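Engineer: For reference, the sequence and a predicted model appear below.
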Amino acid sequence: MEKDLSNYRKSYEKHELLIKDVPKNPMELFQKWFHDVDEFFTQDETNAMTVSTIGLDGFPKNRVVLLKRFTYEGFIFYTNYNSEKGKAIAKNPNVCLSFFWHGAERQIIIKGQAEKIAENLSDGYFESRPRGSQLGAIVSNQSDVIESRDIIEKRLLKLEKEFEGKEITRPANWGGYIVKPLEIEFWQGRPNRLHDRIRYKLDADYNWVIDRLSP
């Protein structure tokens with residue numbers, strides 16, 4: 001099983017990130033980077049992000065989810081509120097989001113606080129989902145232990161018959177969170193591991209303080 005990974009290296013040489021070139025608001029830079037990756041690096045799933053929470057067992061846990069919207073206020077994703085991540089957020093809303101776009105040699109790390117979005121917004125997004133995804137949100141008691149996949153598939157078949165020709169409404173335990181950022185770090189890979197790191201940090205007066213961090 002042992003494998004030596006010490007010679008696994010890549011030189012990052014595509015871009016640079018200088019303080020003189022960044023906007024005052026980090027969401028503007030996020031929008032630009034997101035657009036650039038979405039347009040020029042199609043091999044990346046641009047809206048895939050890692051959500052890190054502190055679990056009820058005291059351990060941090062990461063998982064990849066899909067970003068569904070971002071505004072000047074924050075970053076929105078959807079999940080089952082009774083899932084492991086939902087329970088973790090209910091106890092401790094401090095979370096971390098991260099994006100790694102290997103094609104562009106860029107990473108963004110976001111510290112912030114998660115809170116549920118308005119129910120009508122969750123309703124609107126749920127209505128826009130494919131019917132199969134709507135049923136999937138009802139079928140799965142996310143993070144619960146199950147004996148086999150067969151149980152889930154049987155539940156789905158039963159629900160498909162139950163809702164045939166009917167509108168599917170959003171279950172109360174499923175909806176969106178918005179993560180309101182307190183700190184956003186932009187990482188741009190550079191040669192010789194001298195990467196560019198620019199951090200935006202929200203101060204007590206809700207102004208963004210911009211610093212360059214040592215690589």
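Structural biologist: On my side now, so go ahead. Residues are numbered from 1 along each chain as shown.
Engineer: Name the residue closest to the centre of this structure, please.
Structural biologist: In the chain, the centroid-proximal residue (CA atoms, centre = their mean) is Met49; its distance is 3.6 Å.
Engineer: which residues touch the helix or strand hosting that residue?
Structural biologist: Taking DSSP states H and E as the criterion, Met49 maps to strand 48-54. For strand 48-54, the external contacting residues (CB atoms under 8 Å, 6 or more residues apart in numbering) are 60-67, 75, 77, 85, 88-89, 91-92, 94-100. Bear in mind the C-beta positions are built from the backbone N, C-alpha and C, glycine included.
Engineer: Mind checking which of those are buried?
Structural biologist: The neighbour count (16 or more other CB atoms under 10 Å) marks 65, 67, 75, 77, 85, 88-89, 95-99 as buried among those.
Engineer: nearest to Lys180, of the residues you listed?
Structural biologist: Of all the buried ones among the contacts of strand 48-54, Lys180 sits closest to Phe75, with 8.4 Å by CB to CB.
Engineer: Within the sheet, what are the partner strands of the strand holding Met49, with directions?
Structural biologist: strand 60-66 (antiparallel), strand 94-101 (antiparallel) (DSSP bridges).
Engineer: Check the average confidence over the first one, would you?
Structural biologist: Along strand 60-66, the predicted confidence averages to a pLDDT of 97.
Engineer: if we look at that strand, which residues are touching it?
Structural biologist: By CB under 8 Å, 6+ apart, the list of residues contacting strand 60-66 reads 45, 47-55, 77, 79, 84-85, 88.
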